[in-house]
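**Q** Pasting the sequence and the predicted model now:
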Amino acid sequence: MRPILKFPNLRLARTLSRFHVADDGVTAIEFAFVAPIFIALLIAIIQSMIFLFSQQVLQEAATNAGRLIMTGQVQNSGLTQSQFQADICPMISVLFTCGNLMVNVQTYDSYSDANTTVPTLTYNAQGQVTNTWSYNPGAPGDIVVVQLIYPEPVVNGLLGFAFSDLQNGTAEMVGATAIRVEPY
């Protein structure tokens with residue numbers, strides 16, 4: 001049995017007691033409070049998953065591209081930078097647009113001299129990358145650093161969650177490998 005509140009006015013007491021036990025819309029109100037946070041968290045998890053998977057695919061392509069240089073296949077074939085990029089394209093074409101891929105191949109005398117820092121992208125007024133990239137696959141015994149750079153478009157989530165670090169709403173992904181070219 002429910003306790004009845006004592007009020008001088010019986011009608012007011014009955015009205016208030018109905019509110020006391022009414023819970024018809026509570027679930028909808030609770031969902032309205034929780035849903036935006038849940039959806040924002042879900043978007044953040046999915047975006048993180050896609051970003052990390054894409055990063056791994058790019059890194060794997062850089063490793064495979066490095067193997068082509070390390071074994072002398074690129075040098076013996078006399079591949080140009082655009083031909084080398086075309087050879088890399090099938091490795092990443094499932095997730096990436098090949099036209100946006102940038103390839104940077106530099107040669108050094110030793111591992112300590114090798115520059116493996118993430119390149120800073122520069123843009124013109126139309127939002128296009130203006131960097132010029134090196135392409136020197138080296139000779140036997142050289143240290144070669146292969147960098148695959150890709151501006152990955154990302155979805156910015158609710159509540160300020162954002163992966164984009166470039167001015168055009170993209171995140172710079174880099175796959176890199178440093179190898180010593182074998183005698184071929």
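**A** Good, I have the coordinates. Just so it is clear, the structure is predicted and the values come from calculations on it, not from any experiment.
**Q** and the helix or strand harbouring residue 83, what does it pack onto?
**A** According to DSSP states H and E, residue 83 maps onto helix 81-92. Under the contact definition 3 or more Cβ pairs under 8 Å, 6 or more residues apart in numbering; DSSP states H and E, helix 81-92 sits against helix 26-70, strand 102-108, strand 143-153. C-beta: built from backbone N, CA, C; applies to glycine.
**Q** Which positions in the last one come out as buried?
**A** It stands for strand 143-153. 143, 144, 145, 146, 147, 148, 149, 150, 151, 152 (16 or more other Cβ atoms under 10 Å).
**Q** send the alpha carbons of the helix holding residue 83 over as CSV?
**A** Extracted in CSV, the C-alpha atoms of helix 81-92 (Å, rounded to 0.1, in the frame of the first residue of the first chain):
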residue,chain,number,x,y,z
GLN,A,81,59.2,8.0,-59.2
SER,A,82,55.8,7.8,-60.9
GLN,A,83,56.4,4.1,-61.9
PHE,A,84,57.5,3.3,-58.4
GLN,A,85,54.3,5.0,-57.1
ALA,A,86,52.3,3.0,-59.6
ASP,A,87,53.8,-0.2,-58.2
ILE,A,88,52.8,0.8,-54.7
CYS,A,89,49.3,1.7,-55.7
PRO,A,90,47.8,-1.9,-55.7
MET,A,91,49.1,-2.3,-52.1
ILE,A,92,46.9,0.5,-50.9
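**Q** So which bits of that helix are buried?
**A** Those would be 84, 85, 87, 88, 91, 92, for helix 81-92 by 16+ other Cβ under 10 Å.
**Q** Stretch 94-109 too?
**A** Across stretch 94-109, burial judged by 16+ other Cβ under 10 Å covers 96, 101, 102, 103, 104, 105, 106, 107, 108.
**Q** doesn't residue 143 make contact with the last one?
**A** Looking back up the chat, that one is residue 108. Yes - using Cβ atoms under 8 Å, residue 108 is in contact with residue 143, at 4.4 Å.
**Q** tell me, what's touching the two both at once?
**A** residue 114 (Cβ atoms under 8 Å, 6 or more residues apart in numbering).
**Q** Where does pLDDT dip in the chain?
**A** Where the chain drops to pLDDT under 70, the residues are 1-10, 13, 16-23, 156-165, 167.
**Q** quick revisit: which one of the buried residues of stretch 94-109 is nearest residue 44?
**A** residue 96 (22.1 Å; Cβ to Cβ).
**Q** Apart from its neighbours in sequence, what residue is nearest that closest one?
**A** Nearest residue to residue 96, sequence neighbours excluded (Cβ to Cβ, 6 or more residues apart in numbering): residue 150, at 5.7 Å.
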